[in-house]
Structure formats: structure tokens, C-alpha cells
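Asks: Could you work out the structure for the sequence below:
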Amino acid sequence: MSNIFHQIVANGDTVLAWLGALLVGLLSKYVIGKIKSGAVHDIMQRALIEVDTAVSYVWQTYAKSLKAANADGKLTAAEKETAKDLALAAAKSYIGTKGIKSLARILGLDSVDSWLGGKIESSVVRLKAADTEKK
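Replies: Numbering: from 1, shown residues only. Sure, this is the predicted structure:
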């Protein structure tokens, strides 16, 4: 036991240097991980906000008037598809080229269209639920 203690005392500066390097490495990895996840979170949040904005825009400029004009007060399948396409184009426009590339890289996708399409559908459901609550 005293031999181990003697080795630690004799090589204390080396041990401290190694421990310091280990701690700095672990701390750096932790901080970099937090920064990356923070950036990822920010990009995803921005994309979701833009999707909601695009859905609201398409509702106000396209879907609302069509629903009112239809006898049953509902959109046809073709009108729904057009509305979704319009919302996708608007969302991509709002997010921008760099944002789309960042989002694709984060998600590991070649195209974010299907991911955005799913988020558009979710936004439509929330919009409908909010509209139903108002009535």
C-alpha cells in the first residue's frame, strides 16, 4: 500500500495532468453535446413555428373560402391535397434554403418534404381542434 502511495506522490504532477485532461475532455464533450442539442432544438422549433404559420396562411387565403363555398362545408380530396401542397411550399419558403438543408442534415434525410408534410397534418389537426373549441 505504501508503494502505491509513494508512486502517486512521486508522480503526482503526471497523475494530476492526466486527471485534468480527462476532466477537460469530459466537460468539453458535455458542453458540445448541449450546444448541438440546443442548436438542433432551435432549428426544429423554428421549422415547427413556420409550419404552423404556413398552415394558418393557407387556411386564411385558400381553404376557408373553399369550405364556405362548398355545399357540405368540407374540402374535397383534391382541395385538401392542394392546400397541403400550398402549405408545404409556404413552409419551405419561410424556413429558407439554408434552414431546409440544416433540417435535412439533422433529420438525416435527403428531402424533408415527408417530415414537413406530417407536421402540416398535425398543425391542421390542432387548428381544427382549436376551431371546434371556439364553437
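Asks: Spatially central residue for this structure, please.
Replies: By CA atoms, centre = their mean, the chain has its centre lying nearest to residue 44, at 1.7 Å.
Asks: can I assume it is in contact with residue 102?
Replies: No. Counting by CB atoms under 8 Å, residue 102 is not a contact partner of residue 44; they are 9.9 Å apart. From N, CA and C alone the C-beta is placed, and that goes for glycine too.
Asks: Quick check: mean pLDDT of the strand or helix carrying residue 122?
Replies: Residue 122 belongs to helix 113-134 when elements are defined using DSSP states H and E. Averaged over helix 113-134, pLDDT sits at 84.
Asks: Just the CA atoms of it, as PDB, please.
Replies: Extracted in PDB, the C-alpha atoms of helix 113-134 (Å, rounded to 0.1, in the frame of the first residue of the first chain):
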ATOM      1  CA  ASP A 113     -41.000  17.100 -47.600                       C
ATOM      2  CA  SER A 114     -42.500  14.000 -45.900                       C
ATOM      3  CA  TRP A 115     -41.400  15.200 -42.500                       C
ATOM      4  CA  LEU A 116     -42.900  18.600 -43.100                       C
ATOM      5  CA  GLY A 117     -46.000  17.000 -44.600                       C
ATOM      6  CA  GLY A 118     -46.600  15.100 -41.300                       C
ATOM      7  CA  LYS A 119     -46.100  18.300 -39.300                       C
ATOM      8  CA  ILE A 120     -48.500  20.100 -41.600                       C
ATOM      9  CA  GLU A 121     -51.100  17.400 -40.900                       C
ATOM     10  CA  SER A 122     -50.500  17.800 -37.200                       C
ATOM     11  CA  SER A 123     -50.900  21.500 -37.400                       C
ATOM     12  CA  VAL A 124     -54.200  21.100 -39.300                       C
ATOM     13  CA  VAL A 125     -55.500  18.800 -36.600                       C
ATOM     14  CA  ARG A 126     -54.600  21.400 -33.900                       C
ATOM     15  CA  LEU A 127     -56.200  24.200 -36.000                       C
ATOM     16  CA  LYS A 128     -59.400  22.200 -36.400                       C
ATOM     17  CA  ALA A 129     -59.400  21.300 -32.600                       C
ATOM     18  CA  ALA A 130     -59.000  25.000 -31.700                       C
ATOM     19  CA  ASP A 131     -61.800  25.900 -34.100                       C
ATOM     20  CA  THR A 132     -64.100  23.300 -32.700                       C
ATOM     21  CA  GLU A 133     -63.400  24.500 -29.100                       C
ATOM     22  CA  LYS A 134     -64.400  28.100 -30.200                       C
END
